[in-house]
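1. Show me how the following folds:
(one chain, ligands or ions: 2)
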Amino acid sequence: MGNQRISWGIAPIGWRNDDIPEIGAENTLSHLLSDIVVADFEGTEVGGFFPEAHVLNKELQLRNLRIAGQWFSSYIIQDGVEAATHAFHKHCEYLKEVHAAVAVVSEQTYSIQGTGKNVFTEKPSFTDEEWDQLCQGLNELGKIAAEYDLKLVYHHHMGTGVQTLEEVDRLMENTDSNAVHLLYDSGHIYVSDGDYMTLLNKHIDRIKHVHFKDVRQAVKDQCDKDGRSFLQSFLAGMFTVPGDGCIDFTKVYNKLLETQYSGWIVIEAEQDPSIAHPLEYALKARKYIDEKLLPLENGSLVKH
Ligand SMILES: O=C1C[C@@H](O)[C@H](O)[C@@H](O)C1=O
Ligand SMILES: [Co+2]
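-> Ligands and ions are numbered 1, 2, ... in the order given. Here you go, the predicted structure:
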């Protein structure tokens, strides 16, 4: 499938959502993994409902699928880095057992991501002292990840203290580039800043994992107007798969090709699975990738 350096995945989030575990609860692991095969992706990320490593590995091997990584909520500012260390070691141990490439970390101190607060106006921010604590703590976690042959990739996220380009800039400036890498999520930065290319262009050297999330502009505008929370907004259909929203992924993909990005691109489009059929949307993403993105490789400098 296209460029040898890039692996294409799709996240479980269209089938089951760790932020609201009730939705899509009828979708089993077998169902999810088999849909991923039908839609011709190479792998996925670990969801909260996934089983222990040897059970997961068996299911993956049967379908020739791989694991890219898994989300980890850190509370470095709230609890200190020592408190996170034990859980992070366990997290990395599991990820190594399932042969993952990255540990996705997002600082959740003061996060309003899972609350009813207006995600467009009530995001938290950190003090100078908290920034220092966070950056030092992430450097520590990054070193732990490396012990397990994993890269710590930081996920900027709506409703958190690291959401805007300015905040990502600060995080990148004050962390060790060998220990802390960046996850680029097109949907989160677009909803936050109304721009998805500046962050990509500016931090391309630190980006080691990518989430392709598209945004339905009209739904986003309405959610903003109504002062909706993050959860209400995605349930209303703010996010969708590439090709179904307002982001031009040809620009994003061209940049990744030009800079010889090596790693995973994971389609990640949280929607209510009772409204947006997960396999239908996975196939929609597949069609867009095949028809609009993979042909760009012929015009790039990439050698096959
Ligand atoms: O990578 C992600 C993981 C989810 O749990 C999160 O809420 C989602 O928005 C996301 O981008
Ligand atoms: Co994401």
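2. any weak-confidence spans in the stretch 201-304 of the chain?
-> 300-304 (pLDDT under 70).
3. can you pull out the strands in it?
-> Secondary structure of the stretch 201-304 of the chain (DSSP state E, counting those that start in this stretch): strands at 207-212, 214-215, 239-240, 263-267.
4. what does the stretch 151-300 of the chain put close to ligand 2?
-> Residues of the stretch 151-300 of the chain lying near ligand 2 by CB under 5 Å from the ion: 185, 211, 268. For every residue, glycine as well, the C-beta is placed using N, CA and C.
5. quick one: which of those has the most company?
-> Neighbour counts for these, by other CB atoms under 10 Å, peak at Glu268, which reaches 26 neighbours.
6. and it, how far is that from Tyr75?
-> Using CB to CB, to the nearest Å, Glu268 is found at 23 Å from Tyr75.
7. With Ile207 instead?
-> 25 Å.
8. neighbour-wise, which of those two wins?
-> Taking other CB under 10 Å, Ile207 and Tyr75 do not tie; Ile207 has more neighbours (20 against 17).
9. was I right about that one contacting Leu200?
-> Yes - using CB atoms under 8 Å, Ile207 makes contact with Leu200 at a distance of 7.2 Å.
10. Can you check which residues contact both of these two?
-> Common neighbours of Ile207 and Leu200, using CB atoms under 8 Å, 6 or more residues apart in numbering, are Tyr184.
11. what comes into contact with stretch 251-263?
-> Contact partners of stretch 251-263, identified using CB under 8 Å, 6+ apart, comprise 3, 5-7, 101-102, 186, 196-197, 200-201, 204, 207-210, 212, 265, 293, 296-297, 300-302.
12. so how far is it off the chain centroid?
-> Relative to the chain's own centre, stretch 251-263 is displaced by 17 Å; criterion: CA atoms, centre = their mean, to the nearest Å.
13. could you dump it to CSV, C-alpha only?
-> Extracted as CSV, the C-alpha positions of stretch 251-263 are listed here (Å, rounded to 0.1, in the frame of the first residue of the first chain):
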residue,chain,number,x,y,z
LYS,A,251,-1.7,19.6,1.5
VAL,A,252,-1.0,17.7,4.7
TYR,A,253,0.0,14.5,2.9
ASN,A,254,2.3,16.4,0.5
LYS,A,255,4.1,17.9,3.4
LEU,A,256,4.6,14.5,5.0
LEU,A,257,5.9,13.1,1.7
GLU,A,258,8.2,16.0,1.0
THR,A,259,9.8,15.7,4.4
GLN,A,260,10.0,11.9,4.2
TYR,A,261,7.8,11.3,7.2
SER,A,262,8.3,7.8,8.5
GLY,A,263,5.7,6.3,10.8
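14. Report the buried residues of that stretch.
-> Residues of stretch 251-263 classed as buried: 252-257, 261, 263 (neighbour count, 16 or more other CB atoms under 10 Å).
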